[in-house]
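J.: Okay, structure incoming, though there's no sequence with it:
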């Protein structure tokens, strides 16, 4: 996960401060050490020259003991390790340490007359020391003296070796390092605290408020301004720009919400109009189907009515002024029974026709699909018989009830049945098969015929309203469009398999459970035809 900007800034500035403070402290320590060493060297040089000056007269008088005593007295001072005097051959002529007399002659290199010798530890004896070699020149006063044994050609008579302890310098440097480290730590701590409060006050809090504003916008809370009046100019301009964007977004969202409300109102209005149009469409299709049945029903009613008329005229002739002759009472009762049967037949026909034509309020309830099929066949059997159409049924026993509007489903069965019958007009043997079966999650209604089939170019059109292949006056192209809308409203599917010249089979699947969101209203007309191979013929 990325770190916060404030933390990165504080960490970066703190690291830079630490590096700068460390480098500054190191430079100060090195500078101070160099100054102390230079002061030490200057003091050693002055001391060495002072020793040579103090012993000059004693050496000129050839009073070596007095000169040695002077050097011994000076060597007792604090900070002086030892004082040695070498002759021109490198032999030790005097030393404050007796063990130096046992050393062999040393070759003196006057080119490095100042050396800092590392120590083996701390203290005057074991710490670092400063060695300074000061040549003793053969001055004219010395070379011309009667007691002097060196000729004037000898330039250097000997060397004074002065060794001083650097322990005071090292001690001072250790104290200085501690003080520099302490001061650097305090500086870093104070600067870090300042950086923390500075970044928190002028960067961290404004950025947090910006983040809160961005999160509020992401949650569509567009009424909360950021407001960074006391922040820097850059962050203030950023917050102002963001507030301007938030205001524009709120205005755009308000326009979208207003447009959505208007659109929803228009959709509801159009939906009501479509529902009203669909109800009218279903009613018109019902009237069209009723018109197709009316002629055959009228012919079917005419036969029993004519029989009743003849029987009533016959009974009228049998009836005498004194009543029915006793010999003809049984015959009279027989004719009355026939009249009763024929009028009951007329009543059933009219009852079936009224039940189909009645425009009741749509209501879904568990219904037996087999019973719907039998009632529809009973209603259309006379028309089918007049058309010489043989109907065979294969209804599944123990078929589960389905939630549907029985009146609407009867209209679907009737449309498919009459269309199948009309499709067999060109056949000498006209046959229509109706069947039901159980399927997973629902039931299936199948209506097939041995007619001419459906041309391939019409498969995607037959569910369109007002599309028909019938001759003028035979249909208006509403039956299958309405049937598809009813099936779709019930959450079902319709499928067709057709081969030109061999016939067509329609399969309607109806679910056992009503889909969520489906209402009890009329089925809506299809917006488009079903997919290929899912079609029917009008």
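T.: The structure has been received and is ready for your questions. On a predicted model such as this, the values are computed, not experimentally measured, just so you know. Numbers count the residues shown, from 1 in each chain.
J.: helix/strand/coil for residue 427?
T.: Put simply, residue 427 is coil when judged by DSSP: H, G, I helix; E, B strand; the rest coil.
J.: I'd guessed it sits against residue 451; true?
T.: Yes - using Cβ atoms under 8 Å, residue 427 makes contact with residue 451 at a distance of 6.4 Å. Where C-beta positions appear, they are placed from N, C-alpha and C, glycine not excepted.
J.: These two: who's more crowded?
T.: residue 451 (25 against 15; other Cβ atoms under 10 Å).
J.: Which pLDDT value goes with the closest residue to the more buried one other than its chain neighbours?
T.: Using Cβ to Cβ, 6 or more residues apart in numbering and skipping residues adjacent in sequence, the residue nearest residue 451 is residue 423, 3.1 Å away. Looking at residue 423, its pLDDT reads 85.
J.: quick one, phi/psi of residue 423?
T.: Per-residue torsions, residue 423: phi -70, psi -10 (degrees, to the nearest 10).
J.: list the contacts for it?
T.: 449, 451, 452, 453, 503, 504, 537 (Cβ atoms under 8 Å, 6 or more residues apart in numbering).
J.: and the two most separated of those?
T.: Greatest spacing in the contacts of residue 423, by Cβ to Cβ: 503 and 537 (10.4 Å).
J.: between these two, which one's more packed in?
T.: With neighbours defined as other Cβ under 10 Å, residue 503 and residue 537 compare such that residue 537 has more, 27 against 22.
J.: pLDDT at that one, what is it?
T.: 40.
J.: Tell me the bridge partners for residue 389.
T.: Beta-bridge partners for residue 389, by DSSP bridges, are residue 430.
J.: Repeat that for residue 115.
T.: According to DSSP bridges, beta-bridge pairing links residue 115 with residue 131.
J.: just the helices in the chain please.
T.: For the chain, the helices defined by DSSP state H cover 5-54, 56-60, 64-75, 140-143, 167-199, 205-218, 233-318, 329-357, 369-386, 406-422, 479-489.
J.: Dump these into JSON lines; add distance to residue 443 as well.
T.: Below are the helices of the chain laid out as JSON lines (distance: least, Cβ to Cβ, whole Å):
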{"stretch": "helix 5-54", "distance to residue 443": "67"}
{"stretch": "helix 56-60", "distance to residue 443": "139"}
{"stretch": "helix 64-75", "distance to residue 443": "128"}
{"stretch": "helix 140-143", "distance to residue 443": "143"}
{"stretch": "helix 167-199", "distance to residue 443": "74"}
{"stretch": "helix 205-218", "distance to residue 443": "50"}
{"stretch": "helix 233-318", "distance to residue 443": "22"}
{"stretch": "helix 329-357", "distance to residue 443": "22"}
{"stretch": "helix 369-386", "distance to residue 443": "6"}
{"stretch": "helix 406-422", "distance to residue 443": "11"}
{"stretch": "helix 479-489", "distance to residue 443": "12"}
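J.: Lowest average confidence across the ones you listed, which one?
T.: Set side by side, the helices of the chain differ in mean pLDDT, and helix 140-143 is lowest with a mean of 62.
J.: Out of the helices of the chain, which is closest to residue 112?
T.: Nearest to residue 112, of all the helices of the chain, is helix 5-54, at 12.9 Å by Cβ to Cβ.
J.: That closest one packs against which elements?
T.: helix 64-75, strand 114-117, strand 129-137, strand 156-165, helix 167-199 (3 or more Cβ pairs under 8 Å, 6 or more residues apart in numbering; DSSP states H and E).
J.: Now with 7 Å, please.
T.: Helix 5-54 sits against helix 64-75, strand 129-137, strand 156-165, helix 167-199, with contacts defined as 3 or more Cβ pairs under 7 Å, 6 or more residues apart in numbering; DSSP states H and E.
J.: could you say what helices and strands the shortest one packs with?
T.: Contacts defined by 3+ Cβ pairs under 7 Å, 6+ apart place strand 129-137 against helix 5-54, strand 114-117, strand 156-165.
J.: can you give me the angle it makes with helix 5-54?
T.: On the basis of axes from the mean of the first three to the mean of the last three Cα atoms, to 10 degrees, strand 129-137 is oriented at 30 degrees to helix 5-54.
J.: Switch the helices and strands packed on strand 129-137 over to TSV; also include distance to residue 486.
T.: Formatted as TSV, the helices and strands packed on strand 129-137 follow (distance: least, Cβ to Cβ, whole Å):
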stretch	distance to residue 486
helix 5-54	64
strand 114-117	113
strand 156-165	117
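J.: Please parse the protein into its domains.
T.: For the chain, whose domains are defined here by automatic domain parsing, the residue ranges read 5-173, 245-359, 363-538.
J.: can you tell which of these is closest to residue 211?
T.: In terms of Cβ to Cβ, the element of these nearest to residue 211 is domain 5-173, at 10.4 Å.
J.: how about the contacts of residue 423 in TSV, adding distance to residue 30?
T.: TSV is the format used below for the contacts of residue 423 (distance: Cβ to Cβ, whole Å):
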residue	distance to residue 30
449	112
451	113
452	112
453	107
503	110
504	106
537	106
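J.: tell me, what residue is most central in the protein?
T.: residue 218 (13.0 Å; Cα atoms, centre = their mean).
J.: That one: what's it in contact with?
T.: With Cβ atoms under 7 Å, 6 or more residues apart in numbering as the criterion, no residue contacts residue 218.
J.: what about it, distance to residue 132?
T.: For residue 218, the distance to residue 132 (Cβ to Cβ, to the nearest Å) stands at 79 Å.
J.: any idea how far the residue nearest to the centre of the chain lies from residue 211?
T.: Distance from residue 218 to residue 211, by Cβ to Cβ: 10 Å.
J.: Residue 177 now?
T.: In terms of Cβ to Cβ, residue 177 sits 46 Å off from residue 211.
J.: okay, those two: which has more neighbours?
T.: Each of residue 177 and residue 211 has its neighbours counted (other Cβ under 10 Å); residue 177 has more, 16 against 12.
J.: since we're on the closest residue to the more buried one other than its chain neighbours, how many residues are nearby?
T.: Closest residue in space to residue 177, ignoring its immediate chain neighbours: residue 29 at 5.9 Å, by Cβ to Cβ, 6+ apart. Neighbour count of residue 29, defined by other Cβ under 10 Å: 16.
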